[in-house]
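Peer 1: Structure of the sequence below:
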Amino acid sequence: MKLFWPFIPLIAALVLLVSPPAWADMLVRILLAALALLGVLIWTRTCRRPRSTGGQRLEQQLAERTEEAHNISIALEETREALKSTQEKLTYSSRMASLGQLTAGIAHEIKNPINFVNNFAESSVEIAAELQEEMGKSEGLPEDFRERTVGLIDELVLNADKIREHGQRVNRIVQSMLVQSHGTKSEAEEVALNEFVDQYVSLAFHGMRAQVQDFNVDIDRRYDEAIDSLPIVRQDMARVLINLLNNAFQAVNKRKEVTDREFLPQVRVSTVLHEAEVEISIEDNGGGVPQSLQKKIFDPFFTTKSAGSGTGLGLSLSREIVVDGHNGQLRYEQSDLQGARFVIMLPLAGMGGGAQE
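Peer 2: The predicted structure follows:
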């Protein structure tokens, strides 16, 4: 605007000096219009003068401080979550250490009497065999007495064999408990898969019955007879099976309690031989996992159980054992039984083959 003021006297002089007829001249009109336009441009530029450098610097510093505060807030929240996770892990580790000591004590207490059971079962078989031999040597015994006695001896031998078989099974479970309680890493070994799976189906069922006296469930066992043996870490895979089976039994029991007392709990356990891998699936009719939570079920410390009923680490550790420890896969699917279905895929080549998930 200040630049415009010196032109005003000149414009006024032109206006005074030019005779009235000249006002009609087109060039004068153009000149006056140009001067007026110039004045307007100068006035507009003056009004739009940029803010001071000091104001811009202040706004920039304020924006930077706001961004720093936001980043600090995010970092603090992440640190808080990390500390919470670490605390939960330490608490879990402490509980597991105590549980390991308790398990080791119980296993030792069980191991001693079960050894006596196994030894006496073997001794009974040997004594029965000797008795049969003596019966064969004896003469003058009534034939009907001999037949009855031989039949009873055969039955005793059969019973003793069953006692020895199940005693050895208990011994393997106890040995597995001891290995897990000591936390030692074991090597993979060839395991008859169907027998192995069925063993832990029975173990998990009786464990559930010990907790819930009236618990009952229809267990549908579908084992592929074409499956022979598979190299696995026995105690690690046992933990996976026990965890998945416990989840299935607890899910169907909960549904029976909260919905319909006439509801029939069902659990299906199956093995299937594929071209390069073996499938183990455990499914139930307990309702399954809501769609919104299915992506989180393998996250550490995530659980759908009530407080104190679960640590939220079972599925996370199971997946770690299957994927990292056995080079396999563990996934969740919706079962056609209207419940959950967990599928374990293990490579036939063992822990060194197959594609990781």
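Peer 1: Please go through the chain and pick out the longest helix.
Peer 2: Taking DSSP state H as the assignment, the helix of the chain that covers the most residues is helix 53-137.
Peer 1: Taking the centroid of the chain, which residue is nearest it?
Peer 2: Taking C-alpha atoms, centre = their mean, the centroid of the chain lies closest to F298, which sits 2.0 Å from it.
Peer 1: I'd guessed it sits against V322; true?
Peer 2: No - shown here, F298 and V322 do not form a contact pair, counting by C-beta atoms under 8 Å, at 10.5 Å. (Each C-beta comes from the backbone N, C-alpha and C, glycine too.)
Peer 1: what sits in contact with each of these two?
Peer 2: Taking C-beta atoms under 8 Å, 6 or more residues apart in numbering as the contact rule, the neighbours common to F298 and V322 are L330.
Peer 1: still on that earlier bit, which residues touch the residue nearest to the centre of the chain?
Peer 2: Under the criterion of C-beta under 8 Å, 6+ apart, the neighbours of F298 are L315, S316, R319, L330, Y332.
Peer 1: how about these in CSV, adding neighbour count and distance to S85?
Peer 2: Converted to CSV, those look like this (neighbours: other C-beta atoms under 10 Å; distance: C-beta to C-beta, whole Å):
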residue, neighbour count, distance to S85
L315, 23, 16
S316, 17, 12
R319, 24, 17
L330, 22, 22
Y332, 17, 23
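Peer 1: And the furthest pair within these?
Peer 2: S316 and Y332 (12.7 Å; C-beta to C-beta).
Peer 1: what is the mean pLDDT for stretch 133-143?
Peer 2: Confidence for stretch 133-143, expressed as mean pLDDT, is 74.
Peer 1: Kindly report the same for stretch 197-207.
Peer 2: In this model, stretch 197-207 has a mean pLDDT of 88.
Peer 1: how far out from the middle of the chain is that stretch?
Peer 2: Computed by C-alpha atoms, centre = their mean, to the nearest Å, the chain-centroid distance of stretch 197-207 equals 21 Å.
Peer 1: From K111, how far off is the residue lying closest to Q168 once chain neighbours are set aside?
Peer 2: The spatially closest residue to Q168, leaving aside those adjacent along the chain, is N118, at 6.3 Å (C-beta to C-beta, 6 or more residues apart in numbering). Relative to K111, N118 is positioned 10 Å away (C-beta to C-beta, to the nearest Å).
Peer 1: which residues are common contacts for those two?
Peer 2: Common neighbours of N118 and K111 (criterion: C-beta under 8 Å, 6+ apart): N171.
Peer 1: more crowded one of the two?
Peer 2: In this comparison of N118 against K111, neighbours counted by other C-beta atoms under 10 Å, the higher total goes to N118 at 18 against 15.
Peer 1: Would you mind confirming that that one is in contact with N171?
Peer 2: Yes - counting by C-beta under 8 Å, N171 is a contact partner of N118 at 6.7 Å.
Peer 1: Might you list the low-confidence residue ranges for the stretch 201-350 of the chain?
Peer 2: Applying pLDDT under 70 to the stretch 201-350 of the chain picks out residues 260-261, 300-313, 350.
Peer 1: the strands in it, which residues?
Peer 2: Taking DSSP state E, counting those that start in this stretch as the test, the strands found in the stretch 201-350 of the chain are 218-223, 229-232, 266-273, 277-284, 329-335, 339-347.
Peer 1: Each with direction, which strands does the longest one pair with?
Peer 2: Sheet pairing for strand 339-347, assigned by DSSP bridges, gives strand 277-284 (antiparallel), strand 329-335 (antiparallel).
Peer 1: Could you save the ones you listed as TSV and add columns showing distance to D154?
Peer 2: Shown next, in TSV, are the strands paired with strand 339-347 (distance: least, C-beta to C-beta, whole Å):
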stretch	distance to D154
strand 277-284	38
strand 329-335	45
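Peer 1: L203 versus N253, what's the distance?
Peer 2: Distance check for N253 against L203: by C-beta to C-beta, it reads 17 Å.
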